[in-house]
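Q: what's the 3D shape of this:
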Amino acid sequence: MVEERRRLTGFILTRILLVTLFLISTLILKVKDPDSIGEWAFSRFLLLITVTYLFSLGSLVVSWLSTKITPTIAYFQIIWDLLFVTALLVVTGGIASPFSFLYLLAVINASVLLARREAIYTASLCGILYGALLDFQYFGLLTPLGLTQWQARQYGAGYIFYTIFVNIAAYFLTAFLTGYLAERAHRSEKALEEKAVDLDELTRLHSVIVTSMNSGLMTLDPNRRIKVMNASAEQLTGFTQRDVYDRLLEETLPEFGPVAGTLRSRLEVTLTPPGDVPRILGCTATQLTDREGRDAGIIINFQDVTEIKKMEAELQRADRLAAIGELSARIAHEIRNPLASISGSVQLIAQDRTLRGEDRQLLDIVIRETDRLNKLILDFLAYARPHPPQTIPVPLRRMVDDLRVLMRSDHRFELITFRQEFDDTIAVRVDVDQFIQVLWNIFTNAADAMPGGGEIAIEAERLTSEQNDAVDDTWIEIAVSDTGVGMSSGELKVVFEPFYTTKPGGCGLGMATVYRIIEGHGGYIRVESTPGNGTKFLIYLPDERKT
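A: Here you go, the predicted model:
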């Protein structure tokens, strides 16, 4: 409907322009040769032009006030054109008038504004009006309008019939040709509009898809200059589209250089966005081609796989710890039986009163070392095959307070201060003995990392699920941090490995046992640390209210 109104408006404005030019040319002719146009004909001509102006302006106003009557206005335009041309022929001499071709314009206008059928109807009306005009003039019926009979008769009936036939043929031929072309134009225009709508929808869909992708997307031109980055790419790299547009990849993001040079192979790069922590990105580069198959650049697709890599490392660690635990249990059993025999035999020998002092001292060393070895084996067994946890809901503050009472007698905690920041309502479903062992191991490690004193902070909070709109507590996070010497990246990788220790005389099973206990409770543990900035252990347990 908007397109029809636009076409109608253009038609009316074109008519006003043509009528104006016609009026100007007539006025110039009248000024130069006053006798060329009679006063009666000139006055009727001015009246016809004036009415045409008024009709055209009125049609414009009505068409812009309401779009529902646009087809009706279009029909009135064609009718007015026919009346205008007919009146113009009457004013300018009838058969002697040179303006009979203007009927052709009316037929063309009907084709453009309406359709081929209306154009044929208009051609028929043009033939009827023009034929009637010449016949009426020939028989003297238009003498009151200034058209004398002798003007038509001097041409003869044959010439008039021939003129009518030629004009009618021209009208119908114009109707068929312009109608056909107009229909083709309308169909092409409609198809173009549909294609434009489809293209617009595809463009919007493409834009939405690229913008909404969770993966980062970056396109390069053949010269490896960055052209497009979606929102995820901006978030992952720390750069905006404006920052990197038309800049060389190696100058802005040199980490992606090997990716752009290796097509269709998945690579992993480590990227540190400005003011952010390092991220591991999984990247794939694909050749971008144009319609002719020529090189148009490169598309780089990348995702943040940092958490996935952490999970893979944790799974590998769990598998490794399980294998080591099973091996440790078997070895411990094999050693414990002969060790018990050795210990019992030595104790029997030590009961002999005839032993000399040096021999008794040596036997005491053997007994002490076998006891230490037995304790080590028991630790192996506790790590390798921990007892299934007997869980009960326990307030976290109560366990921490009980541990602090035990720590008063331990000289390692003399210079240590504690800070507790968690709600008294927070409770965890745990095996009390096992979880106290977890906290004790973490606390003692923290104290050993602060020989000159420091602070141990215990924080806890309920984490909310991000999978639905409702608040649904699913996990409890317990954070234990210290202000000690911290750990290097290499130490972080093996902190939960069995038999790894930095303490003189340690067996390296404390943190490995902590890992196994937390895993047995259906939770998981992580550690964050940098040299000189302390260490933080993050324990995640299922909320006891949901278990």
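
Q: what residue ranges in the stretch 101-250 of the chain score low on pLDDT?
A: Scanning the stretch 101-250 of the chain for pLDDT under 70 picks out 196-200, 202-203, 205-212.

Q: dump the residue contacts of Val405.
A: For Val405, the contact set (C-beta atoms under 8 Å, 6 or more residues apart in numbering) is empty. Where C-beta positions appear, they are placed from N, C-alpha and C, glycine not excepted.

Q: just to be sure, it is in a strand?
A: No: read with DSSP: H, G, I helix; E, B strand; the rest coil, Val405 is helix and lies in no strand.

Q: model confidence score at it, please.
A: Reported pLDDT at Val405 in the predicted model: 85.

Q: ok, now the one 4 residues further on?
A: Looking at Ser409, its pLDDT is 80.

Q: can you check Glu461 too?
A: Note on Glu461: pLDDT of 90.

Q: in the host helix or strand of it, which residues are buried?
A: Under the criterion DSSP states H and E, the helix or strand holding Glu461 is strand 454-464. In terms of neighbour count (16 or more other C-beta atoms under 10 Å), strand 454-464 has its buried residues at 454, 456-458, 460, 462.

Q: again with stretch 113-127
A: 113-114, 116, 118-123, 125-127.

Q: and for stretch 436-449?
A: Residues of stretch 436-449 classed as buried by neighbour count (16+ other C-beta under 10 Å): 436-447, 449.

Q: quick one on the thing from earlier: between the buried residues of strand 454-464, which sits nearest Thr219?
A: The shortest gap between Thr219 and any of the buried residues of strand 454-464 belongs to Arg462, at 43.2 Å (C-beta to C-beta).

Q: beta partners of the closest one?
A: With DSSP bridges as the criterion, Arg462 is bridged to Ile476.

Q: ok, now which ones touch it?
A: 426, 473, 475-477, 543.

Q: next: Asp276.
A: For Asp276, the contacting residues are Gly238, by C-beta under 8 Å, 6+ apart.

Q: could you look up the SS state of it?
A: Classified using three-state DSSP, Asp276 is coil.

Q: go on, Leu147?
A: Judged by three-state DSSP, the three-state class of Leu147 is coil.

Q: got the contact list for it?
A: 90, 93-94, 136-137.

Q: hey, where'd the strands end up in the stretch 351-500 of the chain?
A: For the stretch 351-500 of the chain, the strands defined by DSSP state E, counting those that start in this stretch occupy 392-395, 416-421, 427-430, 454-464, 473-482.

Q: nearest to Glu314, of the ones you listed?
A: Of all these, strand 473-482 sits nearest to Glu314, with 15.8 Å by C-beta to C-beta.

Q: what residues sit buried inside that closest one?
A: For strand 473-482, a neighbour-count test (16+ other C-beta under 10 Å) marks 475-482 as buried.

Q: ok, back up a step: among the contacts of Leu147, which one has the most neighbours?
A: Counting neighbours by other C-beta atoms under 10 Å, Gln137 leads those with 25 neighbours.

Q: shouldn't that residue be within a helix?
A: Yes: under three-state DSSP, Gln137 falls within a helix.

Q: would you confirm that it contacts Ala152?
A: Yes: at 4.5 Å, Gln137 counts as touching Ala152 under the criterion of C-beta atoms under 8 Å.

Q: overlap in contacts, those two.
A: Common contacts of Gln137 and Ala152 (C-beta under 8 Å, 6+ apart): 94-95.

Q: I figured Thr530 hits Gly486, correct?
A: Yes: counting by C-beta under 8 Å, Thr530 does reach Gly486; the two are 5.3 Å apart.

Q: looking at the two, which is more packed in?
A: Between Thr530 and Gly486, counted using other C-beta under 10 Å, the more crowded position is Gly486 (18 against 12).

Q: next, count neighbours for the closest residue to Pro71 other than its chain neighbours.
A: Among residues not flanking Pro71 along the chain, Glu4 sits closest, at 7.4 Å (C-beta to C-beta, 6 or more residues apart in numbering). Other residues within reach of Glu4, judged by other C-beta under 10 Å, total 16.

Q: tell me how many other residues surround Tyr53.
A: 15.

Q: state the distance from it to Leu8.
A: Distance, Tyr53 to Leu8, using C-beta to C-beta, to the nearest Å: 17 Å.

Q: take the buried residues of stretch 436-449 and keep only those in helices.
A: Per DSSP state H, helices hold the following members of these: 436-447.

Q: beta partners for Phe418?
A: With DSSP bridges as the criterion, Phe418 is bridged to Ile456.

Q: report the contact partners of it.
A: Taking C-beta under 8 Å, 6+ apart, one finds 404, 455-458 in contact with Phe418.

Q: closest one of those to Ser43?
A: The closest of the contacts of Phe418 to Ser43 turns out to be Ala457 (C-beta to C-beta; 105.5 Å).

Q: the nearest residue to the closest one once chain neighbours are set aside and Val485, how far apart?
A: Excluding its sequence neighbours, the residue lying closest to Ala457 (C-beta to C-beta, 6+ apart) is Arg419, at 4.4 Å. Relative to Val485, Arg419 is positioned 19 Å away (C-beta to C-beta).
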